[in-house]
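Q: Have a look; sequence and predicted model below, questions after that.
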Amino acid sequence: MNPFFNYRIKPLIALCIAATALGCASGQVKVSTDPNKEIASLDVEQERGKSEQFYLLAPKSWTDFSDALGEAKSRRSNGKDAASILEKTKDARSAFAQAESKSKIAKVTLNGVLAARNDAITAGADKFANADFMQTDRDLLKATKDIERGQTGPAEKQKGEFSARYHALEIRGIRHANLDPSQTILDDARKEGAEKWAPKTFTDAHSKLKATEDLIVQNPKDTAAIQRASDEALQASNRALQVTRQSKVTSAQHPEEMVLKLEEQQKTVAALSSEKQATEQALSEKEKVVSSLETEKQFNDRFTKIRARFSEGEADVLRDGNNLVIRMKGLHFPTAQSTIPSSDFALLAKLDEVIKEFGPTNVKVEGHTDALGSEKKNRDLSAARAESVKEFLTSKGTLPQDKVNVVGMGSEKPIATNKTAAGRAENRRVDVILETERG
């Protein structure tokens, strides 16, 4: 038999057969025999999968897809032959078809849960109730992993619970934004004796706050009505505090009823101006809270997208306050050297793309080593490796030199034990910190 048939034609026939099967699962996607076109096509599929949350609905299949696509790109970067690259793109396309198929099942099985989760994020629950939100997400991932294994029964039973938990988190987020400013002022009024010196105004403010809370629980989607009720509660709370203070000052001459009559009779320009200024300031603070929620949601959206860009073997994406930490565990420097191997260029190119998307104010590159060897050598080596990463990033023109800081930490900040080989391997790393000016 002609050897060309064995090494060229047979792989193409296999790919065509795979393409036919995968086309049925993912909208008749045409499979190319050109590795570059095939990888570009899979990049498009990857973005679609992210937007449809395959990473949440079919986590195992999504990880298989990301790993296979990453390996295909690595083989291309290392100059492997077309058949070798297409072998991995075939695996990636098969895994993507699985992720898409399993995600459809998960969406049907968990009908309504994703919408409830998105509502909770919009309300800022992932920030103000982070621990409970993350725990609910972890429990949801367990359910979607069961679905991937064909076990839909447990998830079916839990979907009502998941929706209820995310809805409760949504209510907490809305409450935080719309009730906390008024509640803080009303608590101050109570501490200053409002129940004694201004019981009517205090009760009125408390009633308006309760009405706002009831409205949030009954109809959390009616943002206009909630805004109006929240503004009224804020004004009433300010008034309760002001009347309390004025009643205490004039208590020797005037009881509360006299103070209230004087309020109506003495609406001078100065009093009106003062009240307007106080209200506008309080409203401004409330608007800042709402704006902060919107900014936080945008940050979380970008964080989620960036985390999905890296496979488990490439990097861990962590949040440190308003900064993003990308732990480049896929970088493999030769022992005691700081030269980046060409096999890692594709991963660093992906990091460069992420930096462009995130738009940080500054970037800090931290080099870390294990505890073997002298501290001076470890610091020098970690600084040199961090400098190599900086040179790669700045050579792309994404950031100027003065916006990238390099720090050699040596063995100062381990993330695992230095007593085992596995622990020391984890400690040998480069952390890239994307800093912002939010806050």
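A: Alright, I've got the coordinates.

Q: where does Asn405 land in three-state SS?
A: Recorded secondary structure, Asn405: strand (DSSP: H, G, I helix; E, B strand; the rest coil).

Q: if I look at it, how far off is Lys364?
A: Look at Asn405 and Lys364: by C-beta to C-beta, to the nearest Å, they are 5 Å apart. Every residue, glycine included, has its C-beta placed from N, CA and C.

Q: Which of the two has more residues huddled nearby?
A: Taking other C-beta atoms under 10 Å, Asn405 and Lys364 do not tie; Lys364 has more neighbours (19 against 15).

Q: residues in contact with Lys248?
A: 192-193, 197 (C-beta atoms under 8 Å, 6 or more residues apart in numbering).

Q: what about 7 Å?
A: By C-beta atoms under 7 Å, 6 or more residues apart in numbering, the contact list for Lys248 reads 193, 197.

Q: Now do whichever strand or helix holds it: distance to the chain's middle.
A: Using DSSP states H and E, Lys248 sits in helix 223-249. Relative to the chain's own centre, helix 223-249 is displaced by 35 Å; criterion: C-alpha atoms, centre = their mean, to the nearest Å.

Q: which intervals of the stretch 201-350 of the chain have sub-threshold pLDDT?
A: 251-263, 265-272, 286-295 (pLDDT under 70).

Q: what about the strands in it?
A: 316-320, 323-327 (DSSP state E, counting those that start in this stretch).

Q: which of the ones you listed is buried the deepest?
A: Comparing the strands of the stretch 201-350 of the chain by mean neighbour count (mean count of other C-beta atoms under 10 Å), strand 323-327 ranks first with a mean of 21.

Q: Which strands or helices does that one pack on?
A: strand 316-320, strand 429-435 (3 or more C-beta pairs under 7 Å, 6 or more residues apart in numbering; DSSP states H and E).

Q: CSV please, covering the ones you listed and showing distance to Ile185.
A: Shown next, in CSV, are the helices and strands packed on strand 323-327 (distance: least, C-beta to C-beta, whole Å):
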stretch, distance to Ile185
strand 316-320, 32
strand 429-435, 35
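
Q: right, and these - which one's nearest Phe310?
A: Taking C-beta to C-beta, strand 316-320 is the member of the helices and strands packed on strand 323-327 nearest to Phe310, at 6.2 Å.

Q: That closest one: partners in the sheet, and parallel or antiparallel?
A: Paired neighbours of strand 316-320 in the sheet (DSSP bridges): strand 323-327 (antiparallel).

Q: Could you list the residues in contact with the partner strand?
A: 303, 306, 315-318, 351, 358, 429, 431-436.

Q: can we see that at 6 Å?
A: The contact list for strand 323-327, computed with C-beta atoms under 6 Å, 6 or more residues apart in numbering, reads 315-318, 431-435.

Q: which residues touch Lys208?
A: Neighbour list for Lys208: 232-233, 236 [criterion: C-beta under 6 Å, 6+ apart].

Q: list the contacts for Leu379?
A: One correction, residue 379 is Arg, not Leu. Arg379 is in contact with 408, 410, counting by C-beta under 6 Å, 6+ apart.

Q: quick one, domains of the protein?
A: Structural domains assigned to the chain are 3-109, 179-300, 310-435, following automatic domain parsing.

Q: Nearest to Lys159, out of those?
A: If we rank the domains of the chain by C-beta to C-beta, the stretch that ends up nearest is domain 3-109, at 6.9 Å.

Q: where does Ala425 land on pLDDT?
A: pLDDT recorded at Ala425 is 89.

Q: tell me the SS of it?
A: With three-state DSSP as the basis, Ala425 sits in helix.

Q: Could you measure from the closest residue to Ala116 other than its chain neighbours over to Ala120?
A: Nearest non-adjacent residue to Ala116, counting by C-beta to C-beta, 6 or more residues apart in numbering: Tyr166, 3.8 Å away. Distance from Tyr166 to Ala120, counting by C-beta to C-beta: 5 Å.

Q: The closest residue to Leu372 other than its chain neighbours: neighbour count?
A: For Leu372, ignoring the flanking residues on the chain, the nearest one in space by C-beta to C-beta, 6+ apart is Arg424 at 6.8 Å. Neighbour count for Arg424, taken as other C-beta under 10 Å: 18.

Q: Arg424 reaches Ala371, doesn't it?
A: No. Arg424 lies out of contact with Ala371 (C-beta atoms under 6 Å); the separation is 7.4 Å.

Q: so Ser182 touches Ala236, yeah?
A: No. Using C-beta under 6 Å, Ser182 makes no contact with Ala236, being 7.8 Å away.
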